[in-house]
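Student: Sequence isn't available, so here's the structure alone:
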């Protein structure tokens, strides 16, 4: 069946170009797919173009989609460009810091998880995957509407924090402290929960050396049973979730 | 540069065929890639064929590999066919039960996470992804060496458990009990840790109705802060990790 919508070749070319960071940067736009994901983002990002599923033929949808199994609406939104908030304004919050997370699926899952645990801001190194990559947007399940993602130079931010705000800096390291031990996580007296920066590192190499030196609370997620031969590490999205769950319980 | 190894066309065809479940079932073989993953599996699965990275040209590696970025050795192993252990033998262990987990990356991450937390067995519904799918094998990072995965009819196993062994059955449900509340998780008196079956469900639909009725301890991972608008759910691999971490702490 032919679609009821006339989609020009240039529309298709434009939407498909947004699979590439270069064209997202040039146009300031990104693409989201699926009725649920698009619906979540509608109130938060300025809508540029919308192609509703019931207006598209299967062929048109396939042409527009970056997914192997396209699932509903395809929408183009304007990216939000935001300034990193001042360090002092972060001192009573829990903020996630990602150092070189490369896999789009992992980044999307981390954004979704951050949203679940009430983390409002994620500060990323410049070599972390782009949060507007369609695979990331897909994996967030719409959480990009509530979580702000910033890209910056991490050693610069962390050295300024060390010199001024002195927000506690958590990070998972294989030689960190068992996160369930008393004092491994610094809880405020008034039960307002844990605040600080939580750094999670690259899939293969963990937290880079130039970032590691700023960690004031090194954490380790204990495997079970202690001392048994197991996997060498956890997936970074999984590790992020386990630490956030403990900080928010 | 030409590879130093003569690889026949039929070798390439055979290895590539193992990307499909039909041919894995016919041959009883599966393929693993990457020096680390292959190395982990070497002691646990019977080796059928091995193509070492230093023996392969880039072109040969690309022909053999299922990955976009091939990374080292490619090996063909014999699958292990195993009988599901008796329910009584599971009564003092923590066993994971997967009901329709579809995404290979999720399944692989779950196997890797199970390994980290000392879960030795995973019982899957027949519509769960195949643990010998190359994308699953890749995401396990070698954990398949230490975690046994079984496929069976879940309602059958769970009804037999209800009638005989009566192992506690945990499962995450949106209307479950806050998992951090006293008694939500049943801990043994002698501090031997939590034992039971932990059911995790499909990415979109959660635990199916015919399985849900067997849950004796419904659990819920609380979001933060209570009552705030967040993502509707956590990714299934992430949720599995958060529950396992709590049960093993």
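Tutor: All right, it came through fine. A quick note: this is a predicted structure, and the numbers were derived from the prediction, not measured.
Student: Can you give me the pLDDT of residue A:73?
Tutor: Per-residue pLDDT puts residue A:73 at 91.
Student: That one contacts residue A:38, doesn't it?
Tutor: Yes. With contact defined as CB atoms under 8 Å, residue A:73 counts as touching residue A:38 (4.6 Å). In short, each C-beta sits where N, CA and C put it, glycine included.
Student: Residue A:239 belongs to a strand?
Tutor: No. Residue A:239: not assigned to a strand; according to DSSP: H, G, I helix; E, B strand; the rest coil it is helix.
Student: what number of residues lie near it?
Tutor: Per other CB atoms under 10 Å in any protein chain shown, the neighbour tally for residue A:239 reads 23.
Student: how near is it to chain B?
Tutor: As judged by CB to the nearest CB, to the nearest Å, residue A:239 and chain B stand 8 Å apart.
Student: Same check on residue A:84?
Tutor: 23 Å.
Student: Give me the phi and psi for the nearest residue to residue A:100 once chain neighbours are set aside.
Tutor: Excluding its sequence neighbours, the residue lying closest to residue A:100 (CB to CB, 6 or more residues apart in numbering or on different chains) is residue A:202, at 3.6 Å. When read as degrees, to the nearest 10, the backbone of residue A:202 gives phi -60, psi 150.
Student: and what of residue A:210?
Tutor: When quoted as degrees, to the nearest 10, the phi and psi of residue A:210 stand at phi -70, psi -10.
Student: Residue A:121 versus that one, what's the distance?
Tutor: Residue A:210 sits 22 Å away from residue A:121 when distances are taken as CB to CB, to the nearest Å.
Student: which bits of chain A sit near chain B?
Tutor: A:105, A:109, A:112-113, A:115-118, A:139, A:141-143, A:146, A:180, A:193, A:221-225, A:228-235, A:237-239, A:241-242, A:245-246, A:248-249 (CB under 8 Å from any CB of the partner chain).
Student: domains of chain A?
Tutor: Domains of chain A are assigned by automatic domain parsing as A:9-78, A:88-248.
Student: Kindly present these as TSV, with separate columns for distance to residue B:96.
Tutor: What follows is the domains of chain A, written out as TSV (distance: least, CB to CB, whole Å):
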stretch	distance to residue B:96
domain A:9-78	27
domain A:88-248	13
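Student: Go through these and find the least confident stretch.
Tutor: Note on those: domain A:9-78 shows the lowest mean pLDDT, a mean of 91.
Student: Next, the distance between the ends of that one.
Tutor: According to CA to CA, to the nearest Å, domain A:9-78 extends 21 Å from its N-terminal end residue to its C-terminal end residue.
Student: residues in contact with the helix or strand harbouring residue A:219?
Tutor: Using DSSP states H and E, residue A:219 sits in strand A:217-220. With CB atoms under 8 Å, 6 or more residues apart in numbering or on different chains as the test, strand A:217-220 has contacts from A:168-179, A:184-186, A:196, A:243.
Student: Show me where chain A has its helices.
Tutor: With DSSP state H applied, chain A shows helices at A:9-17, A:21-27, A:35-42, A:58-64, A:104-116, A:134-140, A:154-163, A:209-212, A:236-248, listed in chain order.
Student: Remind me what the fourth one packs against, helices and strands.
Tutor: It stands for helix A:58-64. Helix A:58-64 sits against helix A:9-17, strand A:47-51, with contacts defined as 3 or more CB pairs under 8 Å, 6 or more residues apart in numbering or on different chains; DSSP states H and E.
Student: Give me the angle between the longest one and strand A:47-51.
Tutor: Put plainly, it is helix A:9-17. Orientation note: helix A:9-17 sits at an angle of 110 degrees relative to strand A:47-51 (axes from the mean of the first three to the mean of the last three CA atoms, to 10 degrees).
Student: Return the distance of helix A:9-17 from the chain's centre.
Tutor: Distance of helix A:9-17 from the chain centroid (CA atoms, centre = their mean, to the nearest Å) equals 26 Å.
Student: got the buried residues for it?
Tutor: Neighbour-count burial for helix A:9-17, with 16 or more other CB atoms under 10 Å in any protein chain shown as criterion, is recorded at A:11, A:14, A:15.
Student: Relative to chain B, which of these is nearest.
Tutor: Relative to chain B, the closest of the buried residues of helix A:9-17 is residue A:15; by CB to the nearest CB it sits at 22.5 Å.
Student: How many residues are close by the nearest residue to the closest one once chain neighbours are set aside?
Tutor: Excluding the flanking residues, the one nearest residue A:15 by CB to CB, 6+ apart is residue A:64, at 5.0 Å. For residue A:64, the neighbour count with other CB under 10 Å is 23.
Student: List the contacts of residue A:64.
Tutor: Residues in contact with residue A:64 (CB under 8 Å, 6+ apart) are A:7, A:12, A:15, A:16, A:51, A:56, A:70, A:74.
Student: Quick one: those residues as CSV, columns for distance to residue A:132 too.
Tutor: Shown next, in CSV, are the contacts of residue A:64 (distance: CB to CB, whole Å):
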residue, distance to residue A:132
A:7, 22
A:12, 19
A:15, 13
A:16, 15
A:51, 18
A:56, 22
A:70, 19
A:74, 15
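Student: Kindly indicate which of those residues lies nearest residue B:28.
Tutor: Nearest to residue B:28 among those: residue A:70, at 35.5 Å, using CB to CB.
Student: residues touching the closest residue to that closest one other than its chain neighbours, list them.
Tutor: Closest residue in space to residue A:70, ignoring its immediate chain neighbours: residue A:61 at 4.7 Å, by CB to CB, 6+ apart. Contact partners of residue A:61, counting by CB under 8 Å, 6+ apart, are A:51, A:53, A:70, A:74.
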